[in-house]
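>>> Just the structure for this:
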Amino acid sequence: MNVLLIDIGNTRIKWASFDGQRLARQHAAVHSGWSGEDFARRVIGSARSLDRILVASVAGSLVDRSLALAAGRARVAAPEFVASQRRAGGVTVGYVEPWRLGVDRFVATIGAHQLSKGRAVCVVGVGTAMTIDLVGADGRHQGGAIIPSPSLMVDTLLSNTNGIRRRAQGGSGGGTSLFGRSTRAAIVQGSRYAAAALIDRAVGEARALVPGRAPLVMLTGGGAPAIQPLVQSTCVSVPDLVLKGLAVLCEEPKHPARAR
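Residues are numbered from 1 along each chain as shown. Below is the predicted model of the structure:
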């Protein structure tokens, strides 16, 4: 079996080959402005003799169609776009309407549940938004939280406050603790510490919902490295968590296609 696994976010695309046993090294790039030819050359062209292409995408129909077009031109298997559903990969989604759970979060919870090996886990994705999902040791998804990521917090302050924006220009030093010694550092550090504090609060709240040990925090996404050192709970970083979840789904029957 040779499967190409693809994770398409709002800004970045990640991909890796999977042979049924081992996930190959992850590749990543910013996909803004890519055409079908770019997908064909950079992503599909990196794999050989493809049996399947399995995709988790939140980038929208235009990007998805470009990828499908690239696969057609390369004469390889048509991409299968995963859709969120009630049960898959050992996880039971706790949303009232499972389709409303973002497919990136859905697949990440599956990867995290497998990696946590019977321990409850708080799955934290740090991209444009920051999401926290709680999955019990039994695979039951208890729900989640969504807040602006630290980078979006910073952008929002700079875009919507005249005084802060003016004072934040230049003077970016002095940012080694919560108490920044410049306006820019105060914004950046404040956003990072706010995100980390919410993660620790989520672990505390989770203790009342799942029995046994405190949940493991599993971080993924481009903004994770900036937050991880500030998280006080037991925490690991898994940059390719969505791809690991897709690898789990490869072992199951084909999933219903998400509407394009």
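>>> Please look at residue 101 and residue 84 and confirm they touch.
Yes - counting by CB atoms under 8 Å, residue 101 does reach residue 84; the two are 4.6 Å apart. Backbone N, C-alpha and C define where each C-beta goes, glycine included.
>>> Mutual contacts of the two, please.
residue 93 (CB atoms under 8 Å, 6 or more residues apart in numbering).
>>> What residue, apart from its backbone neighbours, is nearest residue 13 spatially?
Among residues not flanking residue 13 along the chain, residue 31 sits closest, at 4.3 Å (CB to CB, 6 or more residues apart in numbering).
>>> what residues are up against the one you found?
8, 11, 12, 13, 38, 39, 59, 63.
>>> Now do the second one against residue 42, distance only.
It stands for residue 11. Taking CB to CB, to the nearest Å as the measure, residue 11 falls 15 Å from residue 42.
>>> On the three-state scheme, residue 113 is what?
helix (DSSP: H, G, I helix; E, B strand; the rest coil).
>>> and residue 122, how many residues sit next to it?
Neighbours of residue 122 under the rule other CB atoms under 10 Å: 29.
>>> and what of residue 164?
Per other CB under 10 Å, the neighbour tally for residue 164 reads 14.
>>> how about the strands in the protein?
Using DSSP state E, the strands of the chain run over 3-8, 12-18, 27-30, 52-57, 79-81, 87-88, 91-92, 121-126, 129-135, 141-148, 216-220, 235-237.
>>> ok, residues contacting the second one?
What it means is strand 12-18. 1-7, 23-31, 34, 43, 46-47, 59, 222, 240, 242-243, 246-247, 250.
>>> mean confidence score for that strand?
If you average the pLDDT over strand 12-18, you get 95.
>>> Now do that strand against strand 52-57, angle only.
150 degrees (axes from the mean of the first three to the mean of the last three CA atoms, to 10 degrees).
>>> and strand 12-18 with strand 3-8, angle?
Using the same axes, to 10 degrees, strand 12-18 lies at 170 degrees relative to strand 3-8.
>>> again with the longest one
Between strand 141-148 and strand 3-8, the angle formed by their directions is 50 degrees, by the same axes, to 10 degrees.
>>> need the contact list for the spatially closest residue to residue 45 that is not a sequence neighbour.
Excluding its sequence neighbours, the residue lying closest to residue 45 (CB to CB, 6+ apart) is residue 74, at 7.2 Å. Applying CB under 8 Å, 6+ apart, we find residue 74 in contact with 40, 44, 45.
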